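A.B. asks: Below are the sequence and a predicted model for it; my questions follow.
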Amino acid sequence: MSPDKLTKIKAFQSQVKAMTDEQREAMVTKYCAIITVDAHALSLKNTCLVLFQNPKATVVGGFKQWLKAGRCVNKGEHALNICFPCATKKENEEGEEEEGMYFRFGNVFDISQTSEITKED
């Protein structure tokens, strides 16, 4: 990830963190909830992150999710960044397995950035 993009993402995150729960809920209510291709609602924070990057976003999904749904991402489109949890497993000093969690950035695209895949005869 480029340093410029990382700086923008951190700025978006700072803006979302600075918002109160009421402000976040008002933003989501104003712009509607954002759902994923497979009909799951994004978390409140991820919804805010997406709306900061694209206020007109409605349905988002990853590149492979859109292909599976019969749509492809248009050439030259820029991804929207969201956070997602990742689980880790490591052994402690007693040899027992411990679980942990951290967050990574993922890329999604709005439906407006995709087009339907048509089969040519």
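C.D. replies: Yep, that arrived.
A.B. asks: what about the residue of the chain positioned farthest from its centre, helix or strand, and which?
C.D. replies: The C-alpha centroid of the chain is most remote from Glu94, which lies 37.4 Å away (Cα atoms, centre = their mean). Counting by DSSP states H and E, no helix or strand carries Glu94.
A.B. asks: Also the one 10 residues further on?
C.D. replies: Arg104 belongs to strand 97-110 when elements are defined using DSSP H and E.
A.B. asks: In the sheet, which strands lie alongside that strand, parallel or antiparallel?
C.D. replies: With DSSP bridges as the test, strand 97-110 is paired with strand 59-61 (antiparallel), strand 80-91 (antiparallel).
A.B. asks: where do the helices sit along the protein?
C.D. replies: Remark: helices assigned in the chain by DSSP state H are 3-18, 21-31, 44-53, 63-68.
A.B. asks: which stretch in these is the model least sure about?
C.D. replies: Comparing mean pLDDT across the helices of the chain, the lowest value falls on helix 21-31: a mean of 68.
A.B. asks: just to revisit the earlier point, between the strands paired with strand 97-110, which one is nearest to Thr20?
C.D. replies: strand 80-91 (19.2 Å; Cβ to Cβ). Heads up, the C-betas are built off the backbone N, CA and C, glycines and all.
A.B. asks: Bridged to Thr36, which residues?
C.D. replies: Beta bridges link Thr36 to Val60, judged by DSSP bridges.
A.B. asks: wait, what's in contact with it?
C.D. replies: Contacts of Thr36 were listed using Cβ atoms under 8 Å, 6 or more residues apart in numbering, and they are Leu42, Val59, Val60, Gly61, Gln65, Val108.
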